[in-house]
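Enquirer: Need the 3D shape of this:
(2 chains)
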Protein chains: 2
Amino acid sequence: MVKYKEVAISEFFEKNSHLLGFDNPVKALMTVIKEAVDNSLDACEEANILPDIIVKIKNIKENIFQIIVEDNGPGIEEKYVKQVFGKLLFGSKFKSLGEAGMQSRGQQGIGISASILYAQLTTGEPALIESKVKNKMHYSCKLIIDTSKNIPVIIDEKKLETIKEHGTKITLKLKGVYRKVKGPEDFLKYVAIANPHAQITFFGPDGSKKVFKRVVNKLPKKPKKVKPHPHGVELGTLIKMLGQTKSRTLQAFLINDFSKVGNTGAKEICSLAKLNLQTRPNAINREQASKLLAAMQQVKLQRPPTDCLSPIGEENIIKGLSKEYPADFVAACTRPVAVYRAIPFQVEVGLVYSKELPTDKQINLIRFANKVPLFYQQSECGTYKAVVKTSWKRYGLQQSAGSLPIGPVVLAIHVASVWVPFISEGKQAIAPYPEIVKEIKLALLELGRKLQRYISAEQKKYAKVRKIKLYEKYSTEVATSLAELTGKNKDDIMALLKREIAKRGEGL
Amino acid sequence: MVKYKEVAISEFFEKNSHLLGFDNPVKALMTVIKEAVDNSLDACEEANILPDIIVKIKNIKENIFQIIVEDNGPGIEEKYVKQVFGKLLFGSKFKSLGEAGMQSRGQQGIGISASILYAQLTTGEPALIESKVKNKMHYSCKLIIDTSKNIPVIIDEKKLETIKEHGTKITLKLKGVYRKVKGPEDFLKYVAIANPHAQITFFGPDGSKKVFKRVVNKLPKKPKKVKPHPHGVELGTLIKMLGQTKSRTLQAFLINDFSKVGNTGAKEICSLAKLNLQTRPNAINREQASKLLAAMQQVKLQRPPTDCLSPIGEENIIKGLSKEYPADFVAACTRPVAVYRAIPFQVEVGLVYSKELPTDKQINLIRFANKVPLFYQQSECGTYKAVVKTSWKRYGLQQSAGSLPIGPVVLAIHVASVWVPFISEGKQAIAPYPEIVKEIKLALLELGRKLQRYISAEQKKYAKVRKIKLYEKYSTEVATSLAELTGKNKDDIMALLKREIAKRGEGL
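Expert: Residues are numbered from 1 along each chain as shown, chains lettered A, B, ... in the order given. This next block holds a predicted model:
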């Protein structure tokens, strides 16, 4: 009577594309660019190449745009190209629960193929993929995704010689709406701020060209893979890990499959759980696993390792912000690595104060997760909550309760983590875990104090300048009167006064 | 160098369970109950059975709960049980783009298997499923989901005789936090309000029992499947439909695969698109499809059919609300079917005013999508936005700008649709499409006016009662004075006064 069927993941996301950031044409256009640029940056960094990325947007007809993203990355081997682009949930970055992971922009192997899916859904056009791997032929193919099977269908493929050394290029045609402000150009500007080691060239649909220049000639420190920490594992994950491990004893399992467990830690855990160190992991039953987990969480261990993270760094944040904004004052703060739910994360904040920015508007908050700008759901983001909860009046900015402060300020907040807790798959807002909000507030405190010192110094300077201008204004009159009273030469008095005024005005 | 792999959908959701409503233990417990109850109601209605559902929650140990949901539905055939429960994206309700669909609670075939996934992730325990189909043996199995392959692993299965006629029962053990207020009991109360044809028995973890009684003995009108409307199709979907249709001519395709296209409509579309009616659908290229789509969207057609929807109905909303709340005043409004993006939807609103409810607190807003209560993300929901944008002062309630009104009111809002546009897969907030918000506001307007009449009548009544009480208070004095002045009998005058007062107070 009732008919059942299995649904392919691509069919699911074809119907639920709003879950992946394609809920409206403005956002869809942004999402496609974001996914392609994320992939390019990750691929370049992975291969130790300073990224050089070109983004072109052409307006084909009303609300239909062609998007081209090209990079100088290592390229993708021909045998993988079709799958990486033409199959959802196929990629190199997804880490299962219990598997070692590290900080990266993409995490799921779903973004770029979902973009292709959205393009074919709205225009019916295939994606064009070009890939050049060093010492291999240039490979290109046109493909669409067969959503009922989640497989790529190749429409056309070619191999040819080319002078390009290596890189990947994707061309898509899709329904979208282009915004000049808070659109792709701003997105790339923010990317350039968080990634000052990348050169990004943007061609807008109006024929404009904008180059976001590389200002740092060194690649960021490569993050290392990190194994799960015993304090952050669920029972189900532990049972799965016990069944899949290559370790032959419980002792080896604890030491090899987790971070920060040594011989002592392993012994303590086993004794607390009343389990033999030499037990075979796959012989441990659910009841024992439950005791093991309790012991794992009870035993004191070092905090998770921090080398799985790759922060931007204070110096680079300052360079990144300074090149994109006129800065009278700029400061940055990179916090030490902290932990939420046994997952390491790190907060960085940068702040620009500039008289060229509007003084009567809310500050411009730029948010980043793993160096990727976040554009939507600002008010639900942990970064936003930390900013509005900070009392900015004491740092010299106006602020209404529960709102962003007002002033000529750009505030950049970056949260880096092996696993950034987004509130939805659109990946636009960071969950306001108390640990994360606290770290952001501490960084804001530090910068806020510096800002306050700057503003109050500026105010003092301004008062002094006014005073000196007053002296100057009346100096002739004073000199004349003094000359009359004393009978001395007016010009001499004037010269003396000028010297005094100049001395007091030094450094202004 | 780079390693690629394919990820199973269940592994993806195991790691991203927050996308499906399992982001914290309070919500996780609610989500499991919601998914199981949704399935039970859908199955009963589909099989023309008045639903009788039992929900039991047992507190096993700290933060670990056993949840049992049992129904009197038709049961699930043995050969499907394992897949329905042990495989994500397997079910009976998912409709591909272009396929005919209808209003139902579940839509994706993902909710109940995701619950099992969450249970095994947090406690490592398998799910116990029991199913009895009429005239078949009682079948039960314990299963877990192998997330790396998205397949069920059967741990134990049994068949036996039973006196139970038909039904399904699921038992899960999972990590959760139980809330007495705004928890599962309130959820089931709201389910009972929107589904007065269902009987729901709830056993709480504190040993309490609560029966939400059936007050309507008739099943709701069964929704019919509806084909896509030509005005609501994307080019990619059209191309997919052209390739998959069983129709042999473009004319047949337009008439058979879409709703509201007849011979005239088909001819008009084809002539506008400069295509021959007899063309084979799969011979139409992308360019022609694009012209076809433009023509389809240009030609005037009837609005989508409405029998794909199954509203609660004004009478039943009133019955549902009255049985769960003390009501001094109750009203309901079912709006005619409206359309967003060529998808039909229908708005219903019910309102209770009761002197027993708090008068100094914000009203209690209860939200429903396809008869399922929504519990989270209230402030992002289209229903909420419609309520705060309505000016309630004119209807007799206090209200601060941008907030819910204040008063002793329960307001229930129901949005029914073939495709409810949720803002995320957690399915907790309805996207505030202007068409949907507008319909809700119109319904609120109608009820608001009725409420205003009630409140102002109440106020008049109250003023009259006060007046009469005043008369009564002074009647003896007045009678005494009149008796003295006129010399008539005081008791006679008193009787006359009393009669007059009684007459004026009639109906109070």
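Enquirer: what residue is smack in the middle of chain A?
Expert: Closest residue to the average C-alpha location of chain A: A:Lys371 at 2.3 Å, with CA atoms, centre = their mean.
Enquirer: ok, it to A:Lys221 distance?
Expert: When distance is defined by CB to CB, to the nearest Å, A:Lys371 is 12 Å away from A:Lys221. The C-beta positions use only the backbone N, C-alpha and C, and glycine is treated the same way.
Enquirer: re earlier: now the residue nearest to the centre of chain A. Nearest residue, chain neighbours left out?
Expert: Counting by CB to CB, 6 or more residues apart in numbering or on different chains, the nearest residue to A:Lys371 once its immediate chain neighbours are dropped is A:Ala194, at 4.4 Å.
Enquirer: Surely that neighbour and A:His414 touch.
Expert: Yes. The pair A:Ala194 and A:His414 passes the contact test of CB atoms under 8 Å, sitting 6.3 Å apart.
Enquirer: Quick check: bridge partners of A:Val372?
Expert: Beta-bridge partners recorded for A:Val372 (DSSP bridges): A:Ala369.
Enquirer: any idea how far it is from A:Ser92?
Expert: Distance from A:Val372 to A:Ser92, by CB to CB: 17 Å.
Enquirer: and if you look at A:Ala266?
Expert: For A:Ala266, the distance to A:Ser92 equals 32 Å [CB to CB].
Enquirer: quick one: which of the two has more around it?
Expert: A:Ala266 (23 against 18; other CB atoms under 10 Å in any protein chain shown).
Enquirer: Enumerate every residue touching the more buried one.
Expert: A:250-251, A:254-255, A:277 (CB atoms under 8 Å, 6 or more residues apart in numbering or on different chains).
Enquirer: send the alpha carbons of stretch A:59-76 over as PDB?
Expert: Taking Å, rounded to 0.1, in the frame of the first residue of the first chain, the C-alpha atoms of stretch A:59-76 are listed here in PDB:
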ATOM      1  CA  ASN A  59      25.900  39.600 -16.400                       C
ATOM      2  CA  ILE A  60      24.500  37.400 -19.200                       C
ATOM      3  CA  LYS A  61      20.900  38.600 -19.100                       C
ATOM      4  CA  GLU A  62      18.500  39.800 -16.400                       C
ATOM      5  CA  ASN A  63      19.300  37.900 -13.200                       C
ATOM      6  CA  ILE A  64      21.500  35.400 -15.000                       C
ATOM      7  CA  PHE A  65      25.200  35.600 -14.200                       C
ATOM      8  CA  GLN A  66      28.300  33.700 -15.400                       C
ATOM      9  CA  ILE A  67      30.800  33.200 -12.600                       C
ATOM     10  CA  ILE A  68      34.400  32.200 -13.200                       C
ATOM     11  CA  VAL A  69      36.800  31.400 -10.400                       C
ATOM     12  CA  GLU A  70      40.400  30.500 -11.300                       C
ATOM     13  CA  ASP A  71      43.300  29.800  -9.100                       C
ATOM     14  CA  ASN A  72      47.000  28.900  -9.300                       C
ATOM     15  CA  GLY A  73      46.500  25.900  -7.000                       C
ATOM     16  CA  PRO A  74      47.900  22.400  -7.600                       C
ATOM     17  CA  GLY A  75      44.900  21.400  -9.800                       C
ATOM     18  CA  ILE A  76      42.900  18.200  -9.300                       C
END
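Enquirer: Show me which parts of that stretch are buried, residue by residue.
Expert: A:64-76 (16 or more other CB atoms under 10 Å in any protein chain shown).
Enquirer: Also stretch A:482-491?
Expert: Here stretch A:482-491 shows A:482-483 as buried, counting by 16+ other CB under 10 Å.
Enquirer: what distance separates it from the centre of its chain?
Expert: Relative to the centre of its chain, stretch A:482-491 is centred 68 Å away, using CA atoms, centre = their mean, to the nearest Å.
Enquirer: Stretch A:289-297 now?
Expert: 35 Å.
Enquirer: Any chance of a markdown table for the buried residues of stretch A:59-76, columns distance to B:Leu19?
Expert: Below are the buried residues of stretch A:59-76 laid out as a markdown table (distance: CB to CB, whole Å):
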| residue | distance to B:Leu19 |
| --- | --- |
| A:Ile64 | 30 |
| A:Phe65 | 28 |
| A:Gln66 | 31 |
| A:Ile67 | 26 |
| A:Ile68 | 31 |
| A:Val69 | 26 |
| A:Glu70 | 32 |
| A:Asp71 | 29 |
| A:Asn72 | 34 |
| A:Gly73 | 29 |
| A:Pro74 | 31 |
| A:Gly75 | 32 |
| A:Ile76 | 27 |
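Enquirer: Now, the residues you listed that are in strands?
Expert: A:64-71 (DSSP state E).
Enquirer: State the pair within those residues that is farthest apart.
Expert: Spatial extent of those (CB to CB) is set by the pair A:Ile64 and A:Asp71 at 24.2 Å.
Enquirer: so who does A:Ile112 touch?
Expert: Residues near A:Ile112 by CB under 8 Å, 6+ apart: A:35-36, A:39, A:84-85, A:106, A:170.
Enquirer: ok, now A:Ile54?
Expert: A:Ile54 sits next to A:68-71, A:200-201, A:203 when contact means CB under 8 Å, 6+ apart.
Enquirer: rerun that using 7 Å as the cut-off
Expert: Residues near A:Ile54 by CB atoms under 7 Å, 6 or more residues apart in numbering or on different chains: A:70, A:201.
Enquirer: One more: A:Leu365?
Expert: A:378, A:384, A:387, A:404, A:411.
Enquirer: from these, which ones fall inside strands?
Expert: Going by DSSP E, the strands hold A:Leu411 from the contacts of A:Leu365.
Enquirer: and of the contacts of A:Leu365, the nearest to chain B?
Expert: A:Gln378 (13.1 Å; CB to the nearest CB).
Enquirer: and that closest one, how many neighbours?
Expert: Using other CB under 10 Å, A:Gln378 has 15 other residues around it.
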